[in-house]
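Participant: just to be clear, the model below is a prediction. Sequence and coordinates:
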Amino acid sequence: MSAITRSLPSTYSFKPNHIVPLWFYLMLHLSYIPYEAEECSNHHDVSSSLIPSHLDSVSSLKTLSLDGYLIFDDTHYASKDFGNTVNLLPLAVLHPKSVRDIATMINHIYRLGATSDLTVAARGHGHSLRGQALAYQGIVVFMESLTTPKMQIQPGEDPYVDVSGGELWINILHETLKHGLAPKSWTDYLYLTVGGTLSNAGISGQAFRHGPQIHNVYRLEVVTGKGEIVICTKKQNANLFYAVLGGLGQFGIITRARISLETAPSMVRWIRVLYTNFSLFTKDQESLISSHKSFDYIEGFVIINRAGLLNGWRASFNAKDPVQASKFRSEGKTLFCLEMAKYYHPTETEIINQVALLLNPKLSIIIPEYQLTSEILTPVKLVLQETEAQLAGMNYIPSTVFTSDVPYLEFLNRVHNSEVQLQEKGLWNVPHPWLNLLVPKSRIDDFAKEVFGGILTTSVNGPILIYPVNQSKYSQAKLTIYLKAFRQTNKT
């Protein structure tokens, strides 16, 4: 959902994959929900009784002095994740009430050394897909239990928020909005933990401008594999800082993060347009993310053989040309939707409508009397003109322009509405055999031809998301850490 990013994977078994530096690449997110819920019985299930070598470990773990607590008896709730294809029963589940709890437990296992083969997995909201947040006969750290210290918001010239690694992004959004602030970069789905997304990347439609979430972090508190509590920044313990961000949980557990904030808008102009030509679709995506005066959010998705597509959009969007939109037929086609958003503030709402009327007198917009000054009108008029200019230079199907003005909070939390609907139908907890791919610009047309023109030619149940991403928004220091780790691994 997206959730391109997941909760913290299992720790301490790092083996890096190859890295290909690219100036521009797309993130493609394929997901399907082809099964019924009862088919879960066919999944890989490992839930045998306690391994004899762990008996002594249980006894020693019970002696630990903790602010929180360990559960040994009924750990089934920590044996599955959102992927719902793997079932791995842990030996115990730690519900930490302090960072010291996590450090104490990991240090204890570290000191056991070769006498123990216990593994540790930090579990956020459980949104890993293939068991990364599980630990067979090991220890699962239930990060959502870590609620202290409380969230701290620092306004000012360079605002930020200090949060626990187990805090959900939706909670951060609610709290920061009270101060007129918000994080710059998001995931599509907000019911994920800070530590989980920062251990992956954290990508949504804002990443082309602000980079992924890991690019917007000032400071981290990390519990290392030795059980040490370490503060790290770009200048202090920098190797650990860059390794942990996007490190898939292999270098430690993020227990606290300081995240950059910006002034939050109040409203969003949400736009969707359709393409039949994939090359034109990606060409427009690339053009938009390369522009400094583009939208604030740019994503895309693939629609295969969907009947009555635009009729479904009408519940939330308005057609720019209702007559032409009513004639459009989507059945049997593979379509590509470019989704864009422009942020603005409440005092601009009626002004934007009025300026739009000035630019296009044919529009039938009912607006109240409003006194416009040149200081207000000029910048808003420029924003609207820039937006219209961007759309005018694009290659979408003219009859498929749909727009909607929604509150900022509603826009960011849009996937939750789909979650509620799927839960009501009993489809949220079915298997999610999702695939996330980074595809270089040089190969994306070939990839689309093979996948969308060959493999996937009939309807699919899950979303297929395409994110345009600028490599320049990814830290060079981060790439250097990965490359060093890769070279070192190849020497061994």
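Facilitator: Structure's in. What do you need? Nothing here was measured: the structure is a model prediction, and the numbers come from that model.
Participant: which stretches of the stretch 1-150 of the chain have low pLDDT?
Facilitator: Counting by pLDDT under 70, the stretch 1-150 of the chain shows low-confidence ranges at 1-54.
Participant: could you pull out the strands in it for me?
Facilitator: Counting by DSSP state E, counting those that start in this stretch, the stretch 1-150 of the chain has strands at residues 24-30, 44-46, 69-71, 86-88, 92-95, 120-123, 139-142.
Participant: got the phi and psi for the residue nearest the centre of the chain?
Facilitator: For the chain, the residue lying nearest the average C-alpha position, counting by Cα atoms, centre = their mean, turns out to be residue 187 (2.8 Å). Backbone torsions of residue 187, given as degrees, to the nearest 10, read phi -110, psi 160.
Participant: quickly note the distance from it to residue 172.
Facilitator: In this view, residue 187 and residue 172 are 12 Å apart by Cβ to Cβ, to the nearest Å. All C-beta spots, glycine's among them, are computed from the backbone N, C-alpha and C.
Participant: what of residue 129?
Facilitator: Taking Cβ to Cβ, one finds residue 129 at 23 Å from residue 172.
Participant: let me know the secondary structure of residue 157.
Facilitator: Recorded secondary structure, residue 157: coil (DSSP: H, G, I helix; E, B strand; the rest coil).
Participant: residue 332 contacts residue 305, doesn't it?
Facilitator: Yes: in this structure, residue 332 is within contact of residue 305 by Cβ atoms under 8 Å, at 5.7 Å.
Participant: neighbour count for those two, which is higher?
Facilitator: Remark: of residue 332 and residue 305, residue 305 carries more neighbours, 16 against 11, as counted by other Cβ atoms under 10 Å.
Participant: quick one, phi psi at the more buried one?
Facilitator: phi 50, psi 50.
Participant: do the one 5 residues further on as well
Facilitator: When read as degrees, to the nearest 10, the backbone of residue 310 gives phi -70, psi -30.
Participant: the nearest residue to residue 241 once chain neighbours are set aside and residue 221, how far apart?
Facilitator: Nearest residue to residue 241 in three dimensions, chain neighbours excluded: residue 232, at 4.0 Å (Cβ to Cβ, 6 or more residues apart in numbering). Distance of residue 232 to residue 221, computed by Cβ to Cβ: 8 Å.
Participant: and residue 401, by the same measure?
Facilitator: 47 Å.
Participant: just checking, what packs against whatever helix or strand residue 335 lives in?
Facilitator: With secondary structure defined by DSSP states H and E, residue 335 is part of strand 334-344. Judged by 3 or more Cβ pairs under 8 Å, 6 or more residues apart in numbering; DSSP states H and E, strand 334-344 is in contact with strand 267-275, helix 278-289, strand 297-304, helix 374-392.
Participant: ok, of those, where does mean pLDDT dip lowest?
Facilitator: In terms of mean pLDDT, the lowest-scoring of these is helix 374-392 (a mean of 67).
Participant: which SSE is immediately downstream of that one?
Facilitator: Counting by DSSP H and E, what follows helix 374-392 is strand 402-407.
Participant: so which elements touch the following helix or strand past that following strand?
Facilitator: Moving toward the C-terminus from strand 402-407, the next helix or strand (DSSP H and E) is helix 408-412. Using 3+ Cβ pairs under 8 Å, 6+ apart, the elements in contact with helix 408-412 are helix 169-177, strand 267-275.
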